[in-house]
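J.: Fold the following, please.
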Amino acid sequence: MGKSHYKVVIVGGGTAGISVTSRLLRGSASLRQEIAIIDPAEHHDYQPLWTLVGGGAAKVETTRRPMKSVIPDGADWVQDYVTRFSPDDNRVHLANNEDLTYDYLVVAAGIEINWDGIKGLKDNIGKNGVTSNYAYEYASYTWELIRSFKGGTALFTHPNSPVKCGGAPQKIMYLAEDYFSRTGVRDASQIIFGSANPAIFDVDKYRTALEKVVERKEIDTRFRTNLIEIRGENKQAVFEHLDTKEQKVIDYDMLHVTPPMQAPAFIKESALADENGWVDVHKHTLQHVRYENIFGLGDNSNLPTSKTGAAIRKQAPLVAQNILALMKMQPLGASYNGYTSCPVVTGYNKLILAEFDYDKRPQESMPFDQGKERKSMYVLKKDLLPVMYWNGMLKGTM
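T.: Next up, the predicted model:
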């Protein structure tokens, strides 16, 4: 390894980490070669498109690029794992037994998928009709299951945990229903949504709109139910009702699982975590509540808003701005209102663009009612947002 000390250390080379780095470099020329991004991954994935991969409307290969290609010019990439934080010493410990010290730290390590959180999931994922769009390796299998479906029970789940992109578990269900209708197997099919949530969506306006979609598509919604076991050889899924603890076995022909998710272990076990394991930050400044030279954003933070890339698009400029202010010993002027967005695909060429803040109030950016399904918003998600992501957001220009 080269340098052992950096002005800024960024943990995580995902959407949040890359975006903040680009913003910092644009904001201060003196930070060139003074920022380290720590991430062990070989690739950087544009995960929002995996829903459309699962629905046969995009190719999985287009969602992945080499990590090296997205590291901003002027930053150093440390390809390793963080094992531990020592925030009192301004130090992070790496898996190779070396340390990095910093003046400022940004924790943007994302969320960890717990594939062991459902009994039988790891043994059956990618076979026995069990799939998940939450992994590059399985999104194409989702499409294989949908296009070969000849009728029966198609089961979709949402777990009893925070998840990234909270709308994704239902988006693929709407695409599947649309495809079944187009191929003439819908009448021979039952579509069930087993969700741990109490309703289809958190925000009243979009909940009402999506309830109409569910009703129109005749989807059997079963709320407050959590998938706890998969018996793949028998094609059975076991659900537990969160209130009554009653268990129910459902026979399926295809099962799309959204696995439970959690804070990464090295964060959960650190002094940076709150009681639930997430990076403990002030919800408006994104500064750590105990360490003023540490910031957290994105999925690994305890911000009380949905964990989406759109939220990061608002958080990243704010974190960069506040770090630059701190460096100049100025007040932290940038404030985050909890904005997040969830483009809910409701079929091919149909999408409801939900945008809202901490208070679950719509914060719509378009000059029309975004609670209605629109083809234009589907085109935005499918064709425009990926270009904006690779060429704008990651480069710190939007």
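
J.: For stretch 61-79, give me every contacting residue.
T.: Residues outside stretch 61-79 that contact it (CB atoms under 8 Å, 6 or more residues apart in numbering) are 1-3, 6, 10, 13, 18, 21-22, 25, 31-33, 35-47, 49-50, 53, 94, 100, 136, 386, 390, 394-396. Every C-beta, even on glycine, is put in place using the N, C-alpha and C of the backbone.

J.: Now a ChimeraX select for only the buried ones of the residues you listed.
T.: Selection of buried members from those for ChimeraX, criterion 16 or more other CB atoms under 10 Å:
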select :6,10,13,18,21,22,25,31,35,36,37,38,39,44,45,46,47,49,50,53,94,100,136,386,394,395,396
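
J.: Among the contacts of stretch 61-79, which ones are in strands?
T.: Those of these mapping onto strands are Y6, I10, I35, A36, I37, I38, H43, H44, D45, L94, L100, per DSSP state E.

J.: Which of these sits closest to Q170?
T.: D45 (21.1 Å; CB to CB).

J.: Domain-wise, how is this protein divided?
T.: 5-111+263-336, 115-261 (automatic domain parsing).

J.: Could you check how far the shortest one is from the centre of its chain?
T.: Yep, that's domain 115-261 we're talking about. When distances are taken as CA atoms, centre = their mean, to the nearest Å, domain 115-261 is centred 17 Å away from the chain's centroid.

J.: so for it, what's the average pLDDT?
T.: The pLDDT scores in domain 115-261 average 98.

J.: Regarding this protein, what is its longest helix?
T.: If you go by DSSP state H, the chain has its longest helix at helix 309-327.

J.: after it comes which helix or strand?
T.: Using DSSP states H and E, the helix or strand that follows helix 309-327 in sequence is strand 340-347.

J.: Format the CA atom coordinates belonging to that next one as CSV.
T.: Below are the C-alpha coordinates for strand 340-347, written out as CSV (Å, rounded to 0.1, in the frame of the first residue of the first chain):
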residue,chain,number,x,y,z
THR,A,340,-36.2,10.3,-1.4
SER,A,341,-37.7,9.0,-4.5
CYS,A,342,-39.1,5.6,-5.6
PRO,A,343,-39.9,5.2,-9.3
VAL,A,344,-42.6,2.4,-8.9
VAL,A,345,-42.8,0.5,-12.2
THR,A,346,-46.4,-0.7,-12.4
GLY,A,347,-46.1,-2.5,-15.8
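
J.: Quick one: residues in contact with the next helix or strand along the chain from that strand.
T.: Moving toward the C-terminus from strand 340-347, the first helix or strand encountered (DSSP H and E) is strand 350-356. Strand 350-356 is contacted by residues 167, 174, 178, 201, 203, 206, 209-210, 213, 310, 339-346, 362-366, 370-375, 377-378, 380-381 when judged by CB under 8 Å, 6+ apart.

J.: beta partners for the residue most central in space within the chain?
T.: Taking CA atoms, centre = their mean, the centroid of the chain lies closest to K164, which sits 2.8 Å from it. K164 forms beta bridges with K307, as assigned by DSSP bridges.

J.: Roughly how far does it sit from G333?
T.: Distance of K164 to G333, computed by CB to CB, to the nearest Å: 29 Å.

J.: Distance check, I323 against Y104.
T.: Distance from I323 to Y104, counting by CB to CB: 6 Å.

J.: Need the residues touching each of these two.
T.: Counting by CB under 8 Å, 6+ apart, the shared contacts of I323 and Y104 are V8, F295.

J.: Looking at these two, which one has more neighbours?
T.: Higher neighbour count among I323 and Y104: I323, with 28 against 22, using other CB atoms under 10 Å.

J.: What segments of the stretch 51-200 of the chain are strands?
T.: Assigned by DSSP state E, counting those that start in this stretch, the strands in the stretch 51-200 of the chain fall at 64-66, 75-78, 82-86, 91-94, 99-107, 112-113, 130-131, 152-158, 189-195.

J.: related to what we said a few turns ago, just the buried ones from the contacts of strand 350-356?
T.: If we count by 16+ other CB under 10 Å, the contacts of strand 350-356 have these buried: 167, 174, 178, 201, 203, 206, 209-210, 213, 310, 339-346, 363-364, 370-371, 373-374, 377-378, 380-381.

J.: What are the buried residues along stretch 299-318?
T.: 299-303, 305-318.

J.: which one is S19 nearest to, not counting chain neighbours?
T.: Spatial nearest neighbour of S19, excluding adjacent residues (CB to CB, 6 or more residues apart in numbering): A316 at 3.7 Å.

J.: Distance of the one you found relative to G371?
T.: Using CB to CB, A316 is found at 27 Å from G371.

J.: now the domains of the chain in JSON lines, with distance to L353?
T.: Output for those, formatted as JSON lines (distance: least, CB to CB, whole Å):
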{"stretch": "domain 5-111+263-336", "distance to L353": "10"}
{"stretch": "domain 115-261", "distance to L353": "9"}
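
J.: nearest to Y358, of these?
T.: domain 5-111+263-336 (5.9 Å).

J.: distance between the ends of that closest one?
T.: One end of domain 5-111+263-336 sits 30 Å from the other (CA to CA, to the nearest Å).

J.: Poorly predicted segments of the stretch 1-150 of the chain, please.
T.: Applying pLDDT under 70 to the stretch 1-150 of the chain picks out residues 1.

J.: how close does the residue lying closest to P159 once chain neighbours are set aside get to Q236?
T.: Nearest non-adjacent residue to P159, counting by CB to CB, 6+ apart: P260, 4.2 Å away. According to CB to CB, P260 stands 19 Å off from Q236.
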